[in-house]
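> pasting the structure only:
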């Protein structure tokens, strides 16, 4: 509202067009001399003949400026690029890394598969090596770091796990080997006693580190002390790659066979 100061005498009317109502304001009707009168200012109306239905053009601010759009596209491309670098290996519904670093060396999956028993999936297993090998002998001759990654697909106690490993070692070693590795075998199986119950998704890794030995971990936590004898690690590998593997269909998959 705008204010207009009228200073006329009471006997003199002042007229200002009231555009809303038509007519005049008179001093004799509503004013005394020096009274401040507030009236509506004039507001322009569109001509009656203008098409009221014609839509107004609206100018909207762009959602993103060109520099911002370029940055967004660059970030999107980077995200896709990183996604390509971080692909994972899926085995039996569990996800394994497509590359791991052991003792400073990058290892990649040589092969992977699922251990089944009486049509029941027991665990997923992946063998990591510095380079591809297609025979048991070639895998056993690798001098550098190696890894076996075992992901459980069902529940098992620590004692059950230890006994299963011993059974696999017994089936793929002769009497002389078992006698020479007796203390290492006992140390390895005893390391699992502390696991009350393992379940689906829990991961056991068995690494060979040339300067350290066999290092076993449960969900990343070391189990027991390293076992320094290389022959023991190769004996572990024979559980799945030996002449009497625990799962005959898993062996070729670990050696890189397709299908």
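Ah, there it is. Here the structure is a predicted model, which means the values were calculated and not measured.

> which stretches of the chain aren't confidently modelled?
Along the chain, the parts satisfying pLDDT under 70 run over 1-87, 259.

> what are the ranges of the strands in it?
Secondary structure of the chain (DSSP state E): strands at 2-5, 36-39, 88-91, 94-97, 100-102, 105-117, 120-129, 146-152, 203-209, 213-218, 221-222.

> how much space between the nearest residue to residue 185 once chain neighbours are set aside and residue 210?
Nearest non-adjacent residue to residue 185, counting by CB to CB, 6 or more residues apart in numbering: residue 169, 6.0 Å away. Quick note: C-beta positions are derived from backbone N, CA and C, even for glycine. As judged by CB to CB, to the nearest Å, residue 169 and residue 210 stand 22 Å apart.

> go on, residue 178?
24 Å.

> With neighbour numbers in mind, choose between residue 169 and residue 210.
residue 169 (22 against 13; other CB atoms under 10 Å).

> Test my guess that residue 196 contacts residue 159.
No: contact between residue 196 and residue 159 fails when scored by CB atoms under 8 Å: they sit 9.7 Å apart.

> residue boundaries of the helices in this structure?
Applying DSSP state H to the chain gives helices spanning 27-30, 66-85, 136-140, 158-171, 175-180, 182-190, 230-241, 250-254.

> what comes up buried for the fourth one?
When neighbours are counted by 16 or more other CB atoms under 10 Å, the buried residues of helix 158-171 are found to be 158, 161-162, 164-166, 168-169.

> Bridge partners for residue 152, pull those for me.
residue 123 (DSSP bridges).

> Ok, which of the strands of the chain comes nearest residue 245?
Of all these, strand 105-117 sits nearest to residue 245, with 9.6 Å by CB to CB.

> Go through that closest one and flag the buried ones.
Going by 16+ other CB under 10 Å, strand 105-117 has these buried residues: 107, 109-115.

> so what strands line up beside it?
strand 100-102 (antiparallel), strand 120-129 (antiparallel).

> what angle sits between it and helix 158-171?
Going by axes from the mean of the first three to the mean of the last three CA atoms, to 10 degrees, strand 105-117 is angled at 90 degrees with respect to helix 158-171.

> per-domain residue ranges of the protein.
1-42, 89-254 (automatic domain parsing).

> winner for burial among those?
Counting by mean count of other CB atoms under 10 Å, domain 89-254 has the highest mean neighbour count of the domains of the chain, with a mean of 17.

> Now do the end-to-end distance for that domain.
End-to-end distance of domain 89-254 (CA to CA, to the nearest Å): 13 Å.

> do stretch 219-235 as well
Start-to-end, stretch 219-235 (CA to CA) is 23 Å.
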